[in-house]
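pasting a predicted model and its sequence here:
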Amino acid sequence: MRAELTVEIARTPEEVWAYLTDVSKVPSWQSGVHSAQVVGGGEVAAGARIEESRSLFGRDFHTTLEICDCEPPRVFGLRALGGPVAFTVRHDLEPSSAGTRLRVVAEADTGFLPGMAAGLMARRAEKQFRKDFDRLKAVLES
């Protein structure tokens with residue numbers, strides 16, 4: 001499954017980057033996330049790990065994420081190291097006339113699901129993905 005979106009945010013790339021990479025703020029804009037923290041309280045940097053707790057399809061899951069790309073304030077990439085679904089998410093930020101153009105690409109392996117179930121999950125996930133980034137935009141612009 002692959003989901004891609006672009007959102008214009010009326011804030012500078014540095015402001016968007018600061019909020020996006022403050023993992024303690026993820027529950028304020030991403031549905032289902034109860035908590036997220038950098039392991040050991042370290043810096044957001046390539047190789048750092050994030051522990052995340054979220055609800056998905058009515059169940060609670062804990063996932064360890066690794067920051068695989070970190071180029072402030074332009075690129076922030078994550079990959080799941082453990083959890084219910086293997087996935088990656090890449091955030092590309094660039095200046096725009098509105099402030100920041102944020103392009104997000106998420107890819108997940110849904111191969112463990114039968115055909116129709118995988119399609120249903122992909123549609124639900126993409127819809128929620130769009131809502132989450134609309135909420136991020138609203139929070140940053142408020």
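Structure's in. What do you need?

how about the strands of this protein, start to end?
Remark: strands assigned in the chain by DSSP state E are 2-9, 33-38, 49-56, 59-71, 75-82, 87-96, 99-108.

list the buried ones in the fifth one?
To tie it back to what came earlier, the one meant is strand 75-82. Residues of strand 75-82 classed as buried by neighbour count (16 or more other Cβ atoms under 10 Å): 75, 76, 77, 78, 79, 80. Any C-beta I mention is one placed from the backbone N, CA and C, and that applies to glycine too.

please apply the same query to the third one.
With burial defined by 16+ other Cβ under 10 Å, the residues of strand 49-56 counted as buried are 50, 51, 52, 54, 56.

a markdown table please, covering the strands of the chain and showing distance to residue 16.
Shown next, in a markdown table, are these (distance: least, Cβ to Cβ, whole Å):
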| stretch | distance to residue 16 |
| --- | --- |
| strand 2-9 | 5 |
| strand 33-38 | 17 |
| strand 49-56 | 18 |
| strand 59-71 | 14 |
| strand 75-82 | 10 |
| strand 87-96 | 6 |
| strand 99-108 | 5 |
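
pipe those into TSV and attach mean pLDDT per row.
Listed next are the strands of the chain as TSV, based on pLDDT from 0 to 100:
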stretch	mean pLDDT
strand 2-9	93
strand 33-38	96
strand 49-56	91
strand 59-71	94
strand 75-82	94
strand 87-96	97
strand 99-108	94
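
those: which one's closest to residue 131?
strand 2-9 (10.6 Å; Cβ to Cβ).

what's the pLDDT at residue 133?
Residue 133 is assigned 96 on the pLDDT scale.

state which helix of this protein is the longest.
The single longest helix within the chain, with elements called by DSSP state H, is helix 115-141.

if I take that one and strand 99-108, what angle do their directions form?
160 degrees (axes from the mean of the first three to the mean of the last three Cα atoms, to 10 degrees).
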